[in-house]
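In: Would you be able to build a 3D model of this:
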Amino acid sequence: MLKIENLHATVDGKQILNGVNLTIPAGEVHAIMGPNGSGKSTLSYVLAGRDGYEVTEGSVTFGDVDLLAMEPEERAVAGVFLAFQAPVELPGVGNANFLRTALNAVRRAKGEGEIDAMQFLKLARARMKVLNMSDDMLKRPVNVGFSGGEKKRNEMLQMALLSPRLALLDETDSGLDIDALKLVSDTVNSLRGPDFSALVITHYQRLLNHIVPDAVHVLSGGRIIKSGGPELAQELEKSGYGAIQAAAA
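Out: Numbers count the residues shown, from 1 in each chain. Next comes the predicted model:
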């Protein structure tokens, strides 16, 4: 599904990624953990195509295409979804209109017909019921006045509606209480299957109790310094990053 080779990237002229190598097979969920400033969010932004993040070396293959050669909107309709650590507010943009426009853009790219407002509302309300979201959230501007938990639920609603092939979850668990964490995890788990992969970026092992990853990777200094199974997250929770960083130095 995703193959990253020797990826280097800069932000504002500062080198952040220093040779990331990572392969995520189709149908697998991988987790990335690491200390603050290690490049975790930068990696997700580079994969999504965010402006200001310059790739200076390396390659990223998504399926059989060169991901780095695609514009951000092309990546989105191809099935790449980014859930932000801090979802942005879009004043004046209605949530329902935003979500239906995004969904229809993806459907057009797949050669499927667009859905009308009534069809969208039926679909959205079914997804929102699972996420414990009120219908009122569709009437409000995107994320404006939403609590932290509501913003993360809205991100999961987007993901559930768009059904991406690759989900990049950038610390989606940040600021969530236990109930909201379980709802977010249930959304990810409901999408798991042979045509869905995910890269889950987190500081905390608690999220990985709910979204059990196929592999865990430690990112430090802009490169992956250790990989393992779910037990690696438990080791990090207990002992921190010091020993692993020392061994990789």
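In: Helices of the chain, residue ranges please.
Out: In chain order, the chain shows helices spanning 40-48, 72-78, 95-109, 117-130, 136-139, 148-162, 178-191, 205-210, 231-239, 242-248, with DSSP state H as the criterion.
In: what would the ones you listed look like in CSV with mean neighbour count and distance to residue 12?
Out: C-beta coordinates here come from the backbone N, C-alpha and C atoms, glycine included. Converted to CSV, the helices of the chain look like this (neighbours: other C-beta atoms under 10 Å; distance: least, C-beta to C-beta, whole Å):
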stretch, mean neighbour count, distance to residue 12
helix 40-48, 23, 11
helix 72-78, 16, 19
helix 95-109, 17, 29
helix 117-130, 14, 38
helix 136-139, 15, 35
helix 148-162, 21, 26
helix 178-191, 17, 31
helix 205-210, 18, 30
helix 231-239, 15, 29
helix 242-248, 13, 25
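In: right, so of these, which gets closest to residue 2?
Out: Residue 2 lies closest to helix 40-48 among the helices of the chain, at 7.9 Å (C-beta to C-beta).
In: mind saving the C-alpha coords of that closest one as PDB?
Out: Presented in PDB, the C-alpha positions along helix 40-48 are these (Å, rounded to 0.1, in the frame of the first residue of the first chain):
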ATOM      1  CA  LYS A  40       6.100  12.500  13.400                       C
ATOM      2  CA  SER A  41       3.700  15.200  12.400                       C
ATOM      3  CA  THR A  42       6.100  16.300   9.600                       C
ATOM      4  CA  LEU A  43       5.900  12.800   8.100                       C
ATOM      5  CA  SER A  44       2.100  12.900   8.000                       C
ATOM      6  CA  TYR A  45       2.100  16.400   6.400                       C
ATOM      7  CA  VAL A  46       4.700  15.300   3.800                       C
ATOM      8  CA  LEU A  47       2.600  12.300   2.900                       C
ATOM      9  CA  ALA A  48      -0.600  14.500   2.600                       C
END
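In: Now do it: everything it contacts.
Out: Residues from elsewhere that reach helix 40-48, judged by C-beta atoms under 8 Å, 6 or more residues apart in numbering: 2, 7, 9, 11, 16-17, 20, 32-34, 53, 55, 60, 67, 72, 75, 80, 82, 85, 168, 170-171, 199, 201, 219, 222.
In: How far off centre is that helix?
Out: Taking the mean C-alpha point of helix 40-48 and that of its whole chain, the gap between them comes to 9 Å (C-alpha atoms, centre = their mean, to the nearest Å).
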